[in-house]
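Q: the amino acid sequence is not available; the structure is as follows:
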Ligand SMILES: C[S@@+](CC[C@H](N)C(=O)[O-])C[C@H]1O[C@@H](n2cnc3c(N)ncnc32)[C@H](O)[C@@H]1O
């Protein structure tokens, strides 16, 4: 048998071949819809190196064999390859638009909002803060469902503990109603107040799964800065599934670089990076 020597991409701590990269790229695309181009080889190497180290493996090819037979590793593989960068009140123009939208709806019925790529929780908690301010109450008629594919970020979102520099945009009087400041060993940390946590339900959800464990209708869906990792076909499928989950006046908030009217005619522009259902 002729053995073909595969080019080794990195000869640092672990051997990583072109073939390993191609297989990883296929696995994460098939499972999470995340589309990695050739420029992401470095990122894959550095993100997965810690999984090799944790499992005492010597190269990527052994890791891939291990992954094929180890069910529990799958989630950790996905967690390692997601990008979770987020911030409180990221894309701040969305929050007054949300407040005005909910104000117009009034309080006749319970309002349900969905943050579908919630990461470490800054987005759903920013939504919760906006609702508390709007209704002047810690128990507004609003439920927030916050989901993500990544179980690690969901755990940290549930804990609601952040380094103080993540909240440096808040003045002390803005901070006080929503966060507790850590003292002693917790100096330098802030914790989301329980009143706010009670408004948010965290749950794992893969946007690619057949079953979504959420029930609409939603007055708003936040799907921000996740579609950038997905290809056109996957985005379109997800947008098609959002449409029947929104109330007729419901709003879809997307990230700053995501223009969905180029993809589908089911939505029309409401305001910058905010969409609503097209009426036919
Ligand atoms: C960059 S963060 C965006 C966080 C927040 N929405 C924001 O805009 O600040 C992207 C999040 O999408 C999640 N994600 C990636 N693929 C996903 C999928 N197939 N289903 C659900 N969440 C996914 C990642 O785990 C990550 O937490």
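A: Ah, there it is. Note that the coordinates shown come from a computational prediction; the quantities given were computed from them, not determined experimentally.
Q: tell me which residues in the helix or strand where residue 132 lies are buried?
A: Following DSSP states H and E, one finds residue 132 within helix 122-135. Judged by neighbour count using 16 or more other C-beta atoms under 10 Å, the buried positions of helix 122-135 are 122-132, 134-135. C-beta coordinates here come from the backbone N, C-alpha and C atoms, glycine included.
Q: also stretch 35-46?
A: For stretch 35-46, the neighbour count (16+ other C-beta under 10 Å) marks 35-36, 40-41, 44-45 as buried.
Q: among the buried residues of helix 122-135, which are in reach of the ligand?
A: Contacts with the ligand within these, counted by C-beta under 6 Å from any ligand atom: residue 123.
Q: Throw the buried residues of helix 122-135 into JSON lines and include distance to residue 112 and pLDDT, thanks.
A: Conversion of the buried residues of helix 122-135 to JSON lines gives the following (distance: C-beta to C-beta, whole Å; pLDDT from 0 to 100):
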{"residue": "122", "distance to residue 112": "20", "pLDDT": "98"}
{"residue": "123", "distance to residue 112": "16", "pLDDT": "98"}
{"residue": "124", "distance to residue 112": "12", "pLDDT": "98"}
{"residue": "125", "distance to residue 112": "16", "pLDDT": "98"}
{"residue": "126", "distance to residue 112": "17", "pLDDT": "98"}
{"residue": "127", "distance to residue 112": "11", "pLDDT": "98"}
{"residue": "128", "distance to residue 112": "13", "pLDDT": "98"}
{"residue": "129", "distance to residue 112": "17", "pLDDT": "98"}
{"residue": "130", "distance to residue 112": "15", "pLDDT": "98"}
{"residue": "131", "distance to residue 112": "11", "pLDDT": "98"}
{"residue": "132", "distance to residue 112": "16", "pLDDT": "98"}
{"residue": "134", "distance to residue 112": "15", "pLDDT": "97"}
{"residue": "135", "distance to residue 112": "15", "pLDDT": "96"}
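Q: what's the average pLDDT for the helix or strand just after the helix holding residue 132?
A: Later in the chain than helix 122-135, the nearest helix or strand by DSSP H and E is strand 142-148. Averaged across strand 142-148, pLDDT comes to 98.
Q: need the contact partners of the helix or strand following strand 142-148.
A: Under the assignment DSSP H and E, the closest C-terminal helix or strand after strand 142-148 is helix 151-159. Contact with helix 151-159 is made by 75, 79, 82, 84, 118-121, 124, 146, 148, 197, 202-204, as judged by C-beta atoms under 8 Å, 6 or more residues apart in numbering.
Q: following element in sequence after helix 151-159, please.
A: As assigned by DSSP H and E, the chain's next helix or strand after helix 151-159 is strand 161-163.
Q: still on that earlier bit, out of the buried residues of helix 122-135, who's nearest residue 177?
A: residue 132 (7.3 Å; C-beta to C-beta).
Q: quick one: residue 241 and residue 211 touch, right?
A: No - if you go by C-beta atoms under 8 Å, residue 241 and residue 211 don't touch, sitting 11.0 Å apart.
Q: more crowded one of those two?
A: For residue 241 and residue 211, the more surrounded residue by other C-beta atoms under 10 Å is residue 241, and the numbers stand at 11 against 7.
Q: what residues sit buried inside the helix or strand containing the more buried one?
A: Assigning secondary structure by DSSP H and E places residue 241 in helix 232-242. By neighbour count on 16+ other C-beta under 10 Å, the buried set for helix 232-242 is 234-236, 238-239, 242.
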